[in-house]
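Novice: this one's structure only:
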């Protein structure tokens, strides 16, 4: 009986070891499979570039106060259309982080003939820089990215008043004689600034190679110093005439997307 019992104990122990290692093998590969799924879930990759129509909402109330005084229509206070482009690539060394660049700019103007004088005001807005974004990993099929534009921009105001066409001699006559007409005016004021502008973008792929973008952000300018003409200081500019502005970004991007 002992001879029969002993082998049975050996078989039983062998089976236990087999079952143990089989379970360990299964658990190991189950963990590795879960890790592989997690990497596929959190890590995005791809690169793209495209066009970026952008609508900005600058505060130009102080400027419109002056356009009314000039007798010309106000500039649009409900925003202005700009145009640009950008691109990005996932850097891969850090999951879901992408780096790229963007730039956009535009102009709006108002003009009228007042008492025989042609008057015009132009408002120009532009920004460009490096983009750094993090794409949230828990949303599938689209890319929702939080980031910032790090760069700079220039906002400028051009003011013109004249009586029509010029000739060569008239232009230089204005700076060579004290009797030049004072109603001929050409001025350019500008604010150049550094910015770190937070952004939120959603990229929706139509397929692996084309995506539509919808997003927005807020331009923050770290300088409210205005210059004029040949880099002369312009004092007493209204404090609310800044380059700070909300913007809405759209676009169509071409590249390779793995969201």
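Specialist: Sure, I can see it. These numbers come from a predicted model, not from an experiment.
Novice: all helices for this protein, in order.
Specialist: 2-42, 61-70, 168-176 (DSSP state H).
Novice: rank those helices by mean pLDDT and give me the bottom one.
Specialist: Lowest mean pLDDT of those: helix 2-42, a mean of 43.
Novice: Bridged to residue 192, which residues?
Specialist: Beta bridges link residue 192 to residue 154 when assigned by DSSP bridges.
Novice: In contact with it: list those residues for me.
Specialist: Residue 192 sits next to 152, 153, 154, 223, 227 when contact means Cβ atoms under 8 Å, 6 or more residues apart in numbering. C-beta: built from backbone N, CA, C; applies to glycine.
Novice: same thing but 10 Å
Specialist: 152, 153, 154, 155, 156, 221, 223, 225, 226, 227, 243 (Cβ atoms under 10 Å, 6 or more residues apart in numbering).
Novice: Could you give the backbone dihedrals for the last one?
Specialist: Meaning residue 243. Main-chain torsions, residue 243, degrees, to the nearest 10: phi -90, psi 0.
Novice: Could you list the low-pLDDT ranges of the chain?
Specialist: Residues of the chain meeting the criterion pLDDT under 70: 1-43, 178-182, 259.
Novice: still on that earlier bit, can you add distance to residue 177 and neighbour count and give the contacts of residue 192 back as TSV?
Specialist: Below are the contacts of residue 192 laid out as TSV (distance: Cβ to Cβ, whole Å; neighbours: other Cβ atoms under 10 Å):
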residue	distance to residue 177	neighbour count
152	40	17
153	39	23
154	33	16
155	34	25
156	29	18
221	40	22
223	38	13
225	33	13
226	30	20
227	27	15
243	38	24
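Novice: farthest-separated two in these?
Specialist: Greatest spatial distance among the contacts of residue 192 (Cβ to Cβ): 152 and 226, at 15.3 Å.
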